[in-house]
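Undergrad: here's a sequence, model it:
(one chain, ligands or ions: 1)
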Amino acid sequence: MTAQTLPSSLYRDADAYAHERKRIFGRTWQFLGHESQIAAPGAYIATTLADFPLLAIRGKDNEIRAFHNVCRHRAGPLVDEGKGACQDFLTCRYHGWRYALDGRLASARDFGAAKDFDPRDFGLIKLQCQTWRGFIFANMDPDAAPLSELVAPLERAMAGIDFKQLVFTRHTTHPIKCNWKTYAENYLEGYHIPIVHPGLNAAVDTSRYEVDVEDNVAFHRAPPSDGAPVAGLWALLWPALAVNVYTNGIMMERICPVGHGQTRLDYMYFFQDGTSQLDVAKAVASSEVTTEEDVMITEAVQRNLDAGAYDIGRLSPRHEGAVAWFQDCVRRATA
Ligand code: FES
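TA: Got it, this is the predicted structure:
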């Protein structure tokens, strides 16, 4: 792995982001939500990831499918971001074309008699859609390897953890003024914890803090202190989904680029049915404090990357192996 960091231009350049968007986010598994959030036919969840508007919807046959949230007529929007439900059709907000829940074009409202127009050619753009432990993922690349390959190391790491009936409990959003890689790299090392996160530092045994990489997953492991809400296992799935394991649930942390200099964090908490409000509040509170501290430091780093005095640095062989792995993944994916 390369010991040198990526050049700072890759963190402030709009063209670099445009390239990463297609070559990285357009070809990897993106987390959309949990199947319990769309339990009935017609229920959907929609979001925008790396400027790609995406949706997952449960069909009448109970299958969950994922599509671009884009009409095939003239690119109108189908549904708003968030969660919702429709009866039999997804209806475009622009001119009212209607799509069946499986993506077929059902009707092109008042379109007129066009000679060479076959509705079968204008179904929604379908994505690969697969689930892991009930969590829904989509991939724009029809040739991408199955999701099970990506999550295999995480599944092994969680072999002894079997949450019963996870329910969607809370979604918080945090905008950050930094490139998505600035935040992801911060997530990937524990080197800064004693300096930036005094609370987290007390919640885990940092002298036994370990970071290792297996295939396309980077793990942090640290034994939690007594009473800490964390389970001592954190993972980052390439490219930008952090899976934070608590003693009674999971927080899926989506690191979403919003342009080259903006990132949105989506924290989606899933706790076991019956988890007390107090336990939820404890887990949420500890992650919010850590996030505030991370936002402060990553925005400061981004300002310095933007300033242009710094270009290339060095990575610690002891603490920053996962950052080196991540940066190598970026190099390979964008070559
Ligand atoms: Fe959707 Fe026209 S863009 S109906």
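
Undergrad: residues from this structure in reach of the ligand?
TA: Cys71, His73, Arg74, Ala75, Gly76, Cys92, Tyr94, His95, Gly96, Trp97 (C-beta under 6 Å from any ligand atom). In this view, the C-beta of every residue, glycine as well, is placed from N, C-alpha and C.

Undergrad: can you map out the strands along the stretch 1-150 of the chain?
TA: Applying DSSP state E, counting those that start in this stretch to the stretch 1-150 of the chain gives strands spanning 30-34, 43-49, 52-58, 64-68, 82-85, 89-91, 98-100, 105-107, 126-132, 135-139.

Undergrad: check the stretch 201-335 of the chain too.
TA: Under DSSP E, counting those that start in this stretch, the stretch 201-335 of the chain gives strands at 210-214, 217-221, 230-237, 241-246, 249-257, 263-272.

Undergrad: out of those strands, flag the one nearest Asp61.
TA: strand 263-272 (25.3 Å; C-beta to C-beta).

Undergrad: partner strands of that closest one and their direction?
TA: Strand 263-272 has these partner strands in its sheet, going by DSSP bridges: strand 166-176 (antiparallel), strand 249-257 (antiparallel).

Undergrad: possible to save those strands as CSV with distance to Met296, mean pLDDT and mean neighbour count?
TA: Converted to CSV, these look like this (distance: least, C-beta to C-beta, whole Å; pLDDT from 0 to 100; neighbours: other C-beta atoms under 10 Å):
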stretch, distance to Met296, mean pLDDT, mean neighbour count
strand 166-176, 10, 93, 16
strand 249-257, 17, 96, 22
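
Undergrad: would you list those strands in TSV and tack on distance to Asp13?
TA: Formatted as TSV, the strands paired with strand 263-272 follow (distance: least, C-beta to C-beta, whole Å):
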stretch	distance to Asp13
strand 166-176	18
strand 249-257	13
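
Undergrad: out of those, which comes closest to Asp143?
TA: Using C-beta to C-beta, those put strand 249-257 closest to Asp143, at 22.9 Å.

Undergrad: pull out the CA atoms of that closest one and give them to me as PDB.
TA: Provided in PDB are the C-alpha atoms of strand 249-257 (Å, rounded to 0.1, in the frame of the first residue of the first chain):
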ATOM      1  CA  GLY A 249     -28.600  -2.500  17.500                       C
ATOM      2  CA  ILE A 250     -26.800  -1.000  14.500                       C
ATOM      3  CA  MET A 251     -26.300   2.400  13.200                       C
ATOM      4  CA  MET A 252     -25.800   2.600   9.400                       C
ATOM      5  CA  GLU A 253     -23.800   5.700   8.700                       C
ATOM      6  CA  ARG A 254     -24.100   6.800   5.100                       C
ATOM      7  CA  ILE A 255     -21.300   9.100   3.900                       C
ATOM      8  CA  CYS A 256     -23.000  10.900   0.900                       C
ATOM      9  CA  PRO A 257     -21.100  13.300  -1.300                       C
END
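
Undergrad: contact partners of that strand?
TA: 17, 20-21, 25, 31, 47-51, 135, 163, 166, 169, 179-180, 183-184, 187, 240-244, 263-272, 275, 283, 287 (C-beta atoms under 8 Å, 6 or more residues apart in numbering).

Undergrad: surely Leu32 is in contact with Tyr44?
TA: No. Contact between Leu32 and Tyr44 fails when scored by C-beta atoms under 8 Å: they sit 9.8 Å apart.

Undergrad: overlap in contacts of those two?
TA: Taking C-beta under 8 Å, 6+ apart as the contact rule, Leu32 and Tyr44 both touch Leu55, Ala56.

Undergrad: return the nearest residue of the stretch 201-335 of the chain with respect to the ligand.
TA: Using C-beta to the nearest ligand atom, the closest approach of the stretch 201-335 of the chain to the ligand is made by Val258 at 23.7 Å.

Undergrad: my read: that residue touches Arg264, true?
TA: Yes. Counting by C-beta under 8 Å, Arg264 is a contact partner of Val258 at 5.1 Å.

Undergrad: overlap in contacts, those two.
TA: With C-beta under 8 Å, 6+ apart, Val258 and Arg264 have common neighbours Pro175.

Undergrad: give me the number of residues near the residue nearest to Ala50 when sequence neighbours are not counted?
TA: Computed as C-beta to C-beta, 6 or more residues apart in numbering, the closest residue to Ala50 that is not its neighbour in sequence is Phe25, at 3.7 Å. Look at Phe25: counted by other C-beta atoms under 10 Å, it has 20 neighbours.
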